[in-house]
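Q: sequence-free structure coming up:
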């Protein structure tokens with residue numbers, strides 16, 4: 001009987017060591033994770049990746065079959081986040097120019113230009129678009145459109161349609177439109 005008690009006692013000691021070793025291991029892993037978190041760069045407060053569109057604009061401007069626009073002198077807080085020029089290709093022959101921004105209010109705004117038909121451009125960049133009056137921007141009349149989740153301002157630019165669109169307010173979209181040159 002005494003022998004049986006000794007085995008149980010030895011097993012209990014081994015159980016306490018296992019729990020202690022597990023806790024020490026968890027603390028060690030937690031310490032490594034904490035060090036990694038502190039020394040690996042992260043910016044959870046502002047995940048926006050800003051892009052410089054100047055060289056893309058210069059290249060696209062030479063290739064585009066219509067007057068390509070880009071903003072100049074936007075107020076502080078406007079951050080370019082995407083840029084893309086798609087040259088006319090295949091049978092479509094349609095060229096598109098896109099510049100995306102985060103506005104000072106944290107909303108999305110974009111410049112979209114295309115030599116596709118105006119209704120096709122609007123359907124692509126302001127889904128569900130409906131006429132919503134007009135706006136005077138730097139002495140030019142821009143047509144306003146309200147879509148399902150985006151709104152837009154549009155005007156013809158040579159043979160292309162220019163649309164300033166996004167979740168931004170009409171006022172912020174007008175700021176972007178006014179800066180286009």
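A: Okay, I see it. These numbers were taken from a predicted model, which means no experiment stands behind them.
Q: Pairing partners for the residue nearest to residue 66 when sequence neighbours are not counted in the sheet, please.
A: Excluding the flanking residues, the one nearest residue 66 by C-beta to C-beta, 6 or more residues apart in numbering is residue 160, at 3.7 Å. (C-beta placed from N, C-alpha, C; glycine too.) Counting by DSSP bridges, residue 160 is bridged to residue 157.
Q: in terms of contact, does residue 82 touch residue 51 like I think?
A: Yes. Judged on C-beta atoms under 8 Å, residue 82 makes contact with residue 51 at a distance of 6.5 Å.
Q: quick one: the strands in this structure?
A: 79-86, 96-102, 108-114, 130-137, 140-146, 151-157, 160-166 (DSSP state E).
Q: how about those strands, which one is nearest residue 55?
A: Among the strands of the chain, strand 79-86 comes nearest to residue 55, with 9.3 Å by C-beta to C-beta.
Q: got TSV for the strands of the chain, with mean pLDDT too?
A: Shown next, in TSV, are the strands of the chain (pLDDT from 0 to 100):
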stretch	mean pLDDT
strand 79-86	96
strand 96-102	97
strand 108-114	97
strand 130-137	97
strand 140-146	97
strand 151-157	96
strand 160-166	97
